[in-house]
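K.L.:
For reference, the sequence and a predicted model appear below.
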Amino acid sequence: METEVASSEKPHLPNRLGVKGWVWAGRYTLERYLYTLHRLTGLGLLLYVALHLGANGFRLGGEESWTSAIDFLTNPFGRVVEYLVMAAFAFHALNGGRLILQHLGYTLGKPKPPIYPYVDSMRRRRPLTWVMLAVIVALAIYILVEFVT
Amino acid sequence: MQELTFKVQRYTPGQDKEPYLQEFTIPFTEGMTVLDGLIYIKEKVDNTLSFRSSCRMGICGSCGVLVNNFPMLACHTPVEELKTDRIEVKSLPNFPIIRDLVASLDLLFEKHKSIKPYIISSDIREAEEPTAEYVQSREELESYVQFAYCVKCGLCMAACPTVATDALFLGPQPLGQVYRYCTDRRDMGAKERFHEADSPHGVWLCHLAGACSEACPKGVDPALAIQLLKRAMVFDSMRLAKKRQPVTLAHLPVESKPKIEVPEFTVK
């Protein structure tokens, strides 16, 4: 009996996934990947805003300082980053629109008694998500063409 | 498929520092489920293996485990559906491990209790000693019945990326049940539950990954319930919610059968 009590008092091993749990979408499907991408693009845009404000700060150092900063940022790598920021913005804005609607229960449909095989509301309305993704891809291609030409 | 390779998570508190995977090779039989495989291992290979199960038919929600990195009910998962002969079984993530595949669901039940998962009636006397039946239309029933199928298996909590990072987040199961009870016209406890859901670790932390609904083995769709709950709470705070009529009672003219007398005890 004493052994049992001692065993039950042992603390359970924590098993929370932590940051890996939200980054890694694993075997889940489309919306779970969009969730990760939305967060990553959000963080990317936040980083861009910080860098953008930092770069603008070179203006305080006078014309020479500003010109050298711009010269540094307009290299091919800087252009790629700039394109990625625009593409991330397009994704974040449109997916954010979808999320605002769905967070308020719109475009998800009504509850239905579950009948096997179960299809949840997000998968029922997935065509809308595909349309949104198609618009994002079209925008990303358009932005790319604008950047290249 | 002649044989299956089960890689099962093992962990004994006080003995192992970290969980590890142990490999078992067992024969495949047609129609077997992951739970059948675990039972085979326990009965014929290693009787120290610990896992939780009860009904074996997807009703009790006891046997939730992580099968090939996806939360599933072991009894509800035919091996053939996995389309592989290598099956990795771990305990549900986001829940502490008690031993091997047994996860502690205490936190889930505590959170579930905190949202008052029962009908809060305005007429306590009628609730305690009913004199009639409540009238409910088909539409009213369908507005919540999907969410009433929850078996509290915890798969949605294991799938939720917010639960993964915030242990205090109420989570998809309790939040889904907030909506289930608040939508029920017999219930008058919406304000109390909205207060519980409107906390820093409440409904607003759901960012709609949809993983909970994907993992749910009963088609409950907690993600939908949570989004509808958000709408209900927003409308309520802006005073745009439709005023709910109190539920009506149907005094049916039914003559009840006389009660059967309880027989005498044969052993005194």
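P.N.:
Yep, it's here.
K.L.:
how about the residues of the stretch 101-250 of chain B near chain A?
P.N.:
B:103-104, B:142-147, B:149, B:159, B:161-165, B:167, B:207-211, B:213-214, B:216, B:218-221, B:223-225, B:227-228, B:230-231, B:234 (C-beta under 8 Å from any C-beta of the partner chain). All C-beta spots, glycine's among them, are computed from the backbone N, C-alpha and C.
K.L.:
give me the residue from the stretch 151-268 of chain B nearest chain A.
P.N.:
Per C-beta to the nearest C-beta, B:Ala164 is where the stretch 151-268 of chain B lies closest to chain A, at 2.5 Å.
K.L.:
Pull up the per-residue confidence for that residue.
P.N.:
Listed pLDDT for B:Ala164 reads 96.
K.L.:
doesn't it fall inside a helix?
P.N.:
Yes - B:Ala164: assigned to a helix according to DSSP: H, G, I helix; E, B strand; the rest coil.
K.L.:
List the buried residues in whichever helix in chain B runs longest.
P.N.:
The longest helix of chain B (DSSP state H) is helix B:222-237. Neighbour-count burial for helix B:222-237, counted by 16 or more other C-beta atoms under 10 Å in any protein chain shown, picks out B:222-233.
K.L.:
how about these in CSV, adding pLDDT?
P.N.:
Shown next, in CSV, are these (pLDDT from 0 to 100):
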residue, pLDDT
B:Pro222, 97
B:Ala223, 97
B:Leu224, 97
B:Ala225, 98
B:Ile226, 98
B:Gln227, 97
B:Leu228, 97
B:Leu229, 97
B:Lys230, 97
B:Arg231, 96
B:Ala232, 96
B:Met233, 96
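K.L.:
quick one: which of the residues you listed is nearest to B:Gly171?
P.N.:
B:Pro222 (8.7 Å; C-beta to C-beta).
K.L.:
Wait, that closest one touches B:Ser213, no?
P.N.:
Yes - counting by C-beta atoms under 8 Å, B:Pro222 touches B:Ser213, with 6.0 Å between them.
K.L.:
what do those two both touch?
P.N.:
B:Cys156 (C-beta atoms under 8 Å, 6 or more residues apart in numbering or on different chains).
K.L.:
If you check chain A against chain B, which residue is the closest one?
P.N.:
Residue nearest to chain B within chain A: A:Gly21 (2.5 Å; C-beta to the nearest C-beta).
K.L.:
Please identify the helix or strand for that residue.
P.N.:
Assigned by DSSP states H and E, A:Gly21 belongs to helix A:19-23.
K.L.:
cool, and B:Thr25?
P.N.:
strand B:20-27.
K.L.:
Check the closest residue in space to A:Leu101 that isn't next to it in sequence and give its pLDDT.
P.N.:
Ranked by C-beta to C-beta, 6 or more residues apart in numbering or on different chains and with sequence neighbours excluded, the top spatial neighbour of A:Leu101 is A:Thr107, at 5.2 Å. The score at A:Thr107 is 94. That number is its pLDDT.
K.L.:
And the contacts of the helix or strand where A:Ile141 lies?
P.N.:
Assigned by DSSP H and E, A:Ile141 falls within helix A:126-148. The contact list for helix A:126-148 (C-beta under 8 Å, 6+ apart) reads A:30-31, A:34, A:79, A:82-83, A:86-87, A:90-91, A:94-95, A:97-98, A:107, A:122.
K.L.:
go with 7 Å
P.N.:
A:30-31, A:79, A:83, A:86-87, A:90-91, A:94-95, A:98, A:107 (C-beta atoms under 7 Å, 6 or more residues apart in numbering or on different chains).
K.L.:
again with stretch A:76-88
P.N.:
Contacts of stretch A:76-88 (C-beta under 7 Å, 6+ apart): A:41, A:44-45, A:48, A:140, A:143-144, A:147.
K.L.:
switch the cut-off to 10 Å
P.N.:
A:37-38, A:40-45, A:47-49, A:51-52, A:70-75, A:136-137, A:139-144, A:146-148 (C-beta atoms under 10 Å, 6 or more residues apart in numbering or on different chains).
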